[in-house]
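[1] here are the coordinates; sequence isn't available:
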């Protein structure tokens with residue numbers, strides 16, 4: 001994993017031009033602080049904004065980030081990245097956390113046709129991976145390419161819905177995939193996401209699960225997208241496939257998602273149009289020698305990223321601290337790993353990397369949720385830390 005934490009891998013290809021903000025644990029302060037990267041150094045922004053949420057909710061986050069060089073130096077970015085590796089971390093030195101804090105972490109599901117079909121298959125298989133391949137063939141024989149180029153909620157989508165109902169293949173996942181209302185769910189509470197170099201968790205009872213490489217939008221309290229990061233929305237296919245009512249257990253577990261390594265703020269070098277054109281690469285390297293690569297192209301998303309924002313925050317849903325919004329993925333691995341016909345699933349020790357040139361690389365190792373250090377630093381701990389450092393009210 002160390003190679004993926006080197007600056008040339010972890011940071012965007014044009015890192016010198018990018019405006020990067022994040023969050024780091026500072027042992028000298030015994031707490032976390034928002035940070036910015038400038039000229040190869042990490043700077044503490046807490047004197048200007050005590051939390052990342054506060055930073056992104058200011059009128060001009062870029063101005064604060066660009067003033068970073070006048071703030072306290074934390075460490076060279078190379079050192080901070082290297083010390084973010086969970087199994088070799090020196091707790092006397094700073095390390096990176098997920099680049100968000102008070103924001104609610106939300107996710108949008110079935111926003112790509114490929115993942116939509118896999119959700120239908122999960123539902124029909126009732127969590128049994130061995131049944132998936134036969135179902136995939138039969139469902140595709142009915143649906144074919146009819147889902148491509150259909151705008152969700154449109155008249156064409158509604159006509160397609162009636163056809164699929166008549167053929168007996170309608171699904172709750174098709175409802176949110178091509179219907180007028182997007183699937184938006186809470187991925188995890190504020191402060192529960194992990195950062196690059198950390199372990200991500202799969203439930204020990206799950207036998208069918210996978211990573212989900214995604215772009216994550218940083219959205220302010222007013223619903224304005226102010227930047228983007230990379231994310232891995234770990235998914236337990238068997239739990240969710242057994243029942244949609246198990247979505248919470250399938251999605252929200254200890255270390256259930258990773259975000260990072262930084263948030264790249266929108267500026268003259270990077271915009272929402274760059275998000276729309278992102279090509280995400282996924283790599284899985286197993287302790288058993290297994291290797292797998294995949295991709296997720298934002299150009300193939302069925303709902304525009306800003307439309308997904310509108311489904312998440314607005315007149316009916318307010319988030320005064322802002323939102324980190326996973327945009328979904330087209331990636332759903334079907335390659336057999338453990339046995340023929342069983343499809344893909346993680347094993348403990350898998351190293352998962354999600355990368356794209358404009359946002360860098362997010363890397364994490366897979367472990368069971370009950371073996372990863374439990375989440376203990378919540379909102380009350382953050383408030384105590386900020387109060388002790390006299391940062392509240394800034």
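    That came through fine. Everything numeric in this text was worked out from a predicted model, so none of it was measured. Residues are numbered from 1 along each chain as shown.
[2] only C-alpha atoms for contact and neighbour calcs from this point on.
    OK.
[3] and stretch 364-378, what's buried?
    When burial is assessed from 16 or more other Cα atoms under 10 Å, stretch 364-378 yields the following buried residues: 364-369, 372.
[4] could you do stretch 289-309 as well?
    295-298, 300-303, 305-306, 308-309.
[5] residues contacting the residue sitting nearest the centre point of the chain?
    With distances taken as Cα atoms, centre = their mean, residue 231 lies nearest the centre of the chain, 2.5 Å away. Residues touching residue 231, when contacts are defined by Cα atoms under 8 Å, 6 or more residues apart in numbering, comprise 212-216, 257-260, 326, 354, 362.
[6] looking at the buried residues of stretch 289-309, which are in helices?
    Among these, the residues falling in helices (DSSP state H) are 305-306, 308-309.
[7] the chain: helices as residue ranges?
    Shown for the chain, the helices assigned by DSSP H span residues 7-10, 52-56, 61-66, 77-82, 113-125, 132-143, 155-166, 172-178, 237-242, 247-251, 272-276, 305-312, 379-388.
[8] nearest to residue 100, of the ones you listed?
    Closest to residue 100 of these, according to Cα to Cα: helix 52-56, at 5.8 Å.
[9] residue contacts, the closest residue to the residue nearest to the centre of the chain other than its chain neighbours?
    With Cα to Cα, 6 or more residues apart in numbering as the criterion, residue 231 has its nearest non-adjacent residue at 4.4 Å, and that residue is residue 259. Under the criterion of Cα under 8 Å, 6+ apart, the neighbours of residue 259 are 98-99, 193-196, 216, 229-232, 362.
[10] next: residue 372.
    Residue 372 makes contact with 199-201, 254-255, according to Cα under 8 Å, 6+ apart.
[11] and it, how far from residue 7?
    Remark: distance between residue 372 and residue 7 (Cα to Cα, to the nearest Å) = 26 Å.
[12] what do you get for residue 51?
    Look at residue 51 and residue 7: by Cα to Cα, they are 24 Å apart.
[13] so which of those two has more stuff around it?
    Of the pair residue 51 and residue 7, residue 51 is the one with more neighbours under other Cα atoms under 10 Å, namely 28 against 20.
[14] residues touching the more buried one, list them.
    Residue 51 makes contact with 33-34, 101-102 under the criterion Cα under 8 Å, 6+ apart.
[15] repeat the analysis, applying 7 Å as the threshold.
    Taking Cα atoms under 7 Å, 6 or more residues apart in numbering as the contact definition, residue 51 lies against 33-34, 101.
[16] if we can go back for a sec, most widely separated two among the buried residues of stretch 289-309?
    Taking Cα to Cα as the measure, the buried residues of stretch 289-309 span a maximum distance of 23.0 Å, between 295 and 309.
[17] what about the strands in the stretch 151-300 of the chain?
    All strands of the stretch 151-300 of the chain, identified by DSSP state E, counting those that start in this stretch, fall at 183-188, 199-202, 209-210, 213-219, 225-233, 235-236, 257-265, 279-285, 291-297.
[18] export the ones you listed to TSV and tack on distance to residue 2 and mean pLDDT?
    Output for those, formatted as TSV (distance: least, Cα to Cα, whole Å; pLDDT from 0 to 100):
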stretch	distance to residue 2	mean pLDDT
strand 183-188	27	93
strand 199-202	14	98
strand 209-210	22	92
strand 213-219	20	97
strand 225-233	18	97
strand 235-236	25	92
strand 257-265	14	98
strand 279-285	13	96
strand 291-297	17	91
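[19] quick one: closest of those strands to residue 335.
    Comparing the strands of the stretch 151-300 of the chain by their distance to residue 335 (Cα to Cα), the top pick is strand 291-297, with 8.8 Å.
[20] taking strand 213-219 as reference, get the angle to that closest one.
    40 degrees (axes from the mean of the first three to the mean of the last three Cα atoms, to 10 degrees).
[21] what helices or strands is strand 291-297 leaning on?
    strand 279-285 (3 or more Cα pairs under 7 Å, 6 or more residues apart in numbering; DSSP states H and E).
[22] give me the number of residues near residue 288?
    10.
[23] check residue 172 too.
    Residue 172 has 12 neighbours, counted by other Cα under 10 Å.
[24] look up how far residue 281 lies from it.
    Counting by Cα to Cα, the separation of residue 172 from residue 281 is 29 Å.
[25] residue 65 now?
    With the distance defined as Cα to Cα, residue 65 ends up 28 Å from residue 281.
[26] go on, residue 188?
    Here the distance between residue 188 and residue 281 works out to 24 Å (Cα to Cα).
[27] picking up where we left off before, how about JSON lines for the contacts of residue 231, with distance to residue 132 added?
    Rendered in JSON lines, the data for these read as follows (distance: Cα to Cα, whole Å):
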{"residue": "212", "distance to residue 132": "18"}
{"residue": "213", "distance to residue 132": "21"}
{"residue": "214", "distance to residue 132": "23"}
{"residue": "215", "distance to residue 132": "27"}
{"residue": "216", "distance to residue 132": "29"}
{"residue": "257", "distance to residue 132": "25"}
{"residue": "258", "distance to residue 132": "27"}
{"residue": "259", "distance to residue 132": "30"}
{"residue": "260", "distance to residue 132": "32"}
{"residue": "326", "distance to residue 132": "26"}
{"residue": "354", "distance to residue 132": "25"}
{"residue": "362", "distance to residue 132": "29"}
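[28] so which of the residues you listed wins on neighbours?
    Ranked by the number of neighbours (other Cα under 10 Å), these place residue 260 first, at 34 neighbours.
[29] that residue contacts residue 364, correct?
    No - under the criterion of Cα atoms under 7 Å, residue 260 lies out of contact with residue 364, with a separation of 10.3 Å.
[30] sounds good, over and out.
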